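Visitor: Quick one, fold the following:
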Amino acid sequence: MHDDIPLTIGRARRVLDERILPEVHATAVPLDTAWHELPGEPIAPAEGLALTFEPYEVGTPWGAAWGTTWFRLSGTVPAEWAGQRIEALIDLGFDKNMPGFQCEGLVYLSDGTPVKSINPRNQWVLIAEQAVGGETVEFFVEAASNPVLLDYHPFLVTQEGDVRTSSPKHLYTSRRMDLAVFAAEVHELALDIDVLLELQEELPQGPRRMRILQALDDALDALDLQHIPETAPAARAALAEVLAAPAEASAHRISAVGHAHIDSAWLWPVRETIRKVARTTSSMTELIGQTDDFLYGMSSAQQYAWIKEHRPEVYAKVKDAVAAGRFLPLGGMWVESDTVMPTGESIVRQFSQGQRFFEREFGIRPKGVWLPDSFGYSPALPQLMRRAGFEWFFTQKISWNQVNKFPHHTFLWEGIDGSRVFSHFPSMDTYNSRLSGSEVAKASRQFRENRLATGSIAPVGWGDGGGGTTREMTGTAARLADLEGSARVTWEHPDAFFDRAKSELENPPVWVGELYLELHRATLTSQHQTKQGNRRSEHLLVEAELWCATAAAQTDFAYPYDELDALWQQVLLQQFHDILPGTSIAWVHREAVERYAEIADSLEALITSALSALAGPGDRTVVVNPAPSLQSGALAQSAILTTDVVATTAVTLTEADGGFVLTNDLVRVVVDGRGLVTSAVDLTTGRDAIAPGQVANLLQLHQDFPNMWDAWDVDRYYRNRVEDLVDVTGLRASVDADGTARVTVSRAFSESTVTQEITLAPGARTLEFAQVTDWHETEKFLKVAFPLDVRAEHTIAETQFGAQKRVTHTNTSWEAAKFETSMHRYVLVEEPGFGVALVNDSIHGFDVTRDSVDGHVTTTLRLSLLRAPRFPDPETDQGVQTHRYGIVIGTDIVGATAAGTAMNTAVRTVTGAHGFDSLVQASGDVVVSAVKLADDRSGDLVVRVYEPAGRRGTGGLAVDGPFDEPVEVTLLEETDPALPGVAAITDGVAAFPVDAFEVRTFRFPRRGAAH
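Guide: This is a model prediction of the structure:
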């Protein structure tokens, strides 16, 4: 036979697109339309329905950027349509390629009942299953005119990302607002042809493909293009045999779950996300009602909380669907957060706040952590997931790697402490599947565990900006349930998939360490003030809990449960994976900085109130130390009067060679006339931390214009162009009244200026740098370099409840890809007998270089300070920015942990009558992470500790308050018989062993309280 394959495919595609699909709603009449454009922010639906409406003509431009327009649509069902399914067709000016990224709307009935959303891929609204002729129809559309920011030419500079700078011009022009008959058989024919066209594209040149192509030709021969509705049944009959052929016995099994992955903020502000969630969940509950087996999954307790507060009429439908087992709460977190930069306590609270909400609202606790789109995953997560009761982990983001292909899809992930969690990456490499032929074939073809396991997960639906699953997708799934040549597709709860996968993989492969994303590395630096606000808020929250718990135990102070919960939830929201990483529009980051300021004010007020209760009324100065180690003479987490502070020897400051020498009892530092550190000697060992002939505190400016994803990416070639900022405009030195030596350095470069205060305090090993940068650069990257005379095989960077090691060489492509990596409060390099750490108050990115001169190996660490990308926020980081960082001269991992904590947990002074003792005393090899009252409001005390150094040891806890002996609990503060508990209690000290980087949580019951 002649090869007619291209002819058949071309014929089928054109007939489908140009003849069949238009016939689905070919019989139509226009609706009467009226509108009301709001002048400002959105209003409640009840107010929208009560607006005064003016006549509107379809084709009239509408909607300024970020505006809201209410449309009223009405009409009468023609008598001849009686008994047929009637739908409204609404095209607000959609581009079908941009669902979730442009205008969209939510349809309401006149009584305020939400119906479903309309968007570029979902333009229909059901009016009646069986219409009554002559019946009047009226409904309303709350339409959002969100601007397109990620256009066909992406990453262009735009001012549309903030309502304060966006254009007032109308962005959209409506095309259609009709009442139409839904031709169900034509719709089904369209799905039949589309599924078979996509399937045959993935098949080899063999009998199955040929028979599908012949069936398509036969169907098109049976179809009268002038009478499509009448001849569609005959065309479908010609396709029935090839659609009924069953899948092979060994066919890959796809566990589909409806999905929308609604970013809690990104190219839209939080206020718009609230409406996106309402729109998407309305459509999903409607689709659930129209199908028998479809399941929709949604993560993020915050998003459920939003619709509960702002759209209770939508939330009622969601609750009903959850109760029916069709709407699946997933993930158990407050939001789908970044997992690299938040502290361990923040991750714990993501879990506890999320699980508490889901259990309170639905009586459900999700069994797995669902994080499809975060930008890499901390190696601390496996332990935290397991100790919070989670059984599995799901993501797909690592498939975005630039260089290395991840070797597993279903595997065990092992964290820094040795904990393992069963994990899965979908082999179709997407969280926005539409079950296309190419996606389904890819899932089967590249599944790495095909030898032993039978399937993978497919999150199905339009996502990022919401939209979710469509009826076309559920129709496709029905055809792929058991179809020759295809993987089998079944709607299935992820829990069921993971149970089956565990049974199939008795000895799954193991991945040890971080899940590093070889992309989006600059998210560790972009939008510095957002990151700074997060770090400050995290530490203030823990401090507020500490002093409030201490005051509640030692005085009649009332623990502020509600206030702390609300503040935690605000901080957890800002940790969403497009807010904290700095990749959202200007509006989002402007609001984030404003929220952080409000959060800080609220927490400072709580701290002040608690400390007032603890210190008592008086006018004496009290030094308060919130850190878990000695600071300024005050023991850990206690307070003393300033009269009890032991005086220290002042730092000596001398001039030398145009610069200065700063010396205390532990270190000697030389700062040259350019404000650069040329020597930093540990007087105990005599070792100089600075590499021979090199200078530290060297600011370096790079050109920074990545190939794409401006706020997200830094590409390796940025290193090829660098400017050392060594010129000074001012240099002076002094010694403060407390004996601290201070060198002030000023510089000007390009369009910016920098002022640094370099300080060495009495008795300190840390040389600190307080930097103020007035930043006015474009597409530049600012780093500060410290060449260190340390032969380091690894960097040791703090992560949640511990640290992770990374090699300093680039032997393999996996190591070379890690040219920008993450840290929390410190990064340490060491060799036997000597180590140097860099500590910081708000920095997360760094790089490392290993150098060798005549066999002498040195290690250069560079901290990442500021960037200046122009998309999506063209003003990223412009203006005044502040940093604090320091070099710890002669230290180890324990010392680095203490120094990093000290830089982020400042001593404060209050007035009162007296100091006070700490509520909790920790001993041995553990560090206190949190002291708080229990979430269940029983009055019990909860104390969390961890081992920071990566070695086995012992810990001890004693409590000075009205509490009984402790029991070990999970991160959700619940008992678990599998936990080892306390080994012994001697003289009031509860002793217990700890493994490397182990996190332990203990609950001390309130004495006399009912349990």
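
Visitor: Name the residues of stretch 937-947 that are buried.
Guide: Across stretch 937-947, burial judged by 16 or more other CB atoms under 10 Å covers Gly939, Asp940, Leu941, Val942, Val943, Arg944, Val945, Tyr946, Glu947. Heads up, the C-betas are built off the backbone N, CA and C, glycines and all.

Visitor: Just want the most central residue of this structure.
Guide: Geometric centre of the chain, nearest residue: His577, 2.2 Å, by CA atoms, centre = their mean.

Visitor: Test my guess that that one contacts Met341.
Guide: No: at 9.9 Å, His577 does not count as touching Met341 under the criterion of CB atoms under 8 Å.

Visitor: if you average pLDDT over the helix ranked longest in the chain, what comes out?
Guide: The longest helix of the chain (DSSP state H) is helix 586-615. Across helix 586-615, pLDDT averages out at 98.

Visitor: Buried residues of that helix, list them for me.
Guide: 586-592, 595-596, 599, 602-603, 606-607, 609-615.

Visitor: and what of stretch 458-470?
Guide: So stretch 458-470, judged by 16+ other CB under 10 Å, has buried residues 458-470.

Visitor: Work out for me the element Leu412 sits within.
Guide: strand 410-414 (DSSP states H and E).

Visitor: Could you list the paired strands of that strand along with their orientation?
Guide: strand 420-424 (antiparallel), strand 510-512 (parallel) (DSSP bridges).

Visitor: which of those sits most buried?
Guide: strand 420-424 (a mean of 23; mean count of other CB atoms under 10 Å).

Visitor: what's the following helix or strand after it?
Guide: helix 437-445.

Visitor: Contacts for that next one, please.
Guide: 195, 197-202, 251-252, 254, 426-430, 433, 456, 458, 480, 486-487, 489 (CB atoms under 8 Å, 6 or more residues apart in numbering).

Visitor: That helix: how far from the chain's middle?
Guide: In terms of CA atoms, centre = their mean, to the nearest Å, the centre of helix 437-445 is set 28 Å apart from its chain centre.

Visitor: Rounded mean pLDDT for that helix, please.
Guide: 98.

Visitor: how far off strand 420-424 does the helix or strand just after it point, in degrees?
Guide: Using DSSP H and E, the next helix or strand after helix 437-445 towards the C-terminus is strand 455-460. Interaxial angle, strand 455-460 versus strand 420-424 (axes from the mean of the first three to the mean of the last three CA atoms, to 10 degrees): 60 degrees.

Visitor: quick one: strand 455-460 to helix 437-445, angle?
Guide: 160 degrees.

Visitor: Each with direction, which strands does the helix or strand Thr759 falls within pair with?
Guide: Assigned by DSSP H and E, Thr759 falls within strand 752-760. Strand 752-760 pairs in its sheet with strand 741-749 (antiparallel), strand 766-775 (antiparallel), by DSSP bridges.

Visitor: okay, those strands in JSON lines with mean pLDDT next?
Guide: Shown next, in JSON lines, are these (pLDDT from 0 to 100):
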{"stretch": "strand 741-749", "mean pLDDT": "98"}
{"stretch": "strand 766-775", "mean pLDDT": "98"}
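
Visitor: low-scoring pLDDT stretches of the stretch 801-950 of the chain, where are they?
Guide: Applying pLDDT under 70 to the stretch 801-950 of the chain flags no residue at all.

Visitor: residue boundaries of the strands in it?
Guide: Taking DSSP state E, counting those that start in this stretch as the criterion, the stretch 801-950 of the chain carries its strands at 802-807, 821-822, 826-831, 834-840, 845-853, 856-867, 879-889, 908-912, 920-924, 927-933, 941-946.

Visitor: Other residues contacting the helix or strand of the chain with the lowest mean pLDDT?
Guide: In the chain, no helix or strand scores lower on mean pLDDT, DSSP states H and E than strand 638-641, which sits at a mean of 92. Outside strand 638-641, the residues that touch it by CB under 8 Å, 6+ apart are 611, 614-615, 620-625, 633-634, 910, 914-918.

Visitor: cool, and stretch 496-513?
Guide: Contacts for stretch 496-513 (CB under 8 Å, 6+ apart): 255, 367-368, 379, 391-392, 407-408, 410-416, 420, 422-424, 449, 452-455, 457, 804.

Visitor: what do you get if the cut-off is 7 Å, keeping everything else the same?
Guide: For stretch 496-513, the surrounding residues in contact (CB atoms under 7 Å, 6 or more residues apart in numbering) are 255, 368, 379, 391-392, 408, 410-414, 420, 422, 424, 449, 452-455, 457, 804.

Visitor: Check stretch 26-33 too.
Guide: 56, 58, 71, 73-75, 78, 88-89, 177-181, 183.

Visitor: And it, what's buried?
Guide: Result for stretch 26-33 [16+ other CB under 10 Å]: buried residues Thr27, Leu31, Thr33.

Visitor: which of those lies closest to Pro233?
Guide: Thr27 (17.3 Å; CB to CB).

Visitor: so how far is Ile127 from that closest one?
Guide: 13 Å (CB to CB, to the nearest Å).

Visitor: same question, Gln102
Guide: 25 Å.

Visitor: Looking at the two, which is more packed in?
Guide: Gln102 (24 against 19; other CB atoms under 10 Å).

Visitor: Hmm, Asn146 and that one touching each other?
Guide: Yes: between Gln102 and Asn146 there is a contact under CB atoms under 7 Å: 6.3 Å.

Visitor: Output the strands paired with strand 752-760 in TSV, with mean neighbour count and distance to Ile288 appended to each entry.
Guide: Formatted as TSV, those follow (neighbours: other CB atoms under 10 Å; distance: least, CB to CB, whole Å):
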stretch	mean neighbour count	distance to Ile288
strand 741-749	20	59
strand 766-775	21	50
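
Visitor: can you list those strands in CSV and add distance to Val137?
Guide: Shown next, in CSV, are the strands paired with strand 752-760 (distance: least, CB to CB, whole Å):
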stretch, distance to Val137
strand 741-749, 66
strand 766-775, 57
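
Visitor: just so I know, which of those lies nearest Ile889?
Guide: Nearest of these (CB to CB): strand 766-775, 6.8 Å.

Visitor: mind saving the C-alpha coords of the very next helix or strand once past that closest one as CSV?
Guide: Using DSSP H and E, the helix or strand that follows strand 766-775 in sequence is strand 780-788. Provided in CSV are the C-alpha atoms of strand 780-788 (Å, rounded to 0.1, in the frame of the first residue of the first chain):
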residue,chain,number,x,y,z
LYS,A,780,24.8,42.8,38.3
PHE,A,781,25.7,40.3,41.0
LEU,A,782,27.6,41.5,44.2
LYS,A,783,29.7,39.0,46.2
VAL,A,784,32.2,39.3,49.0
ALA,A,785,35.2,37.0,48.9
PHE,A,786,37.3,35.4,51.7
PRO,A,787,40.3,33.5,50.4
LEU,A,788,41.1,31.2,53.3
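
Visitor: could you say what helices and strands strand 780-788 packs with?
Guide: Secondary-structure packing of strand 780-788 (3 or more CB pairs under 7 Å, 6 or more residues apart in numbering; DSSP states H and E): strand 698-703, strand 856-867.
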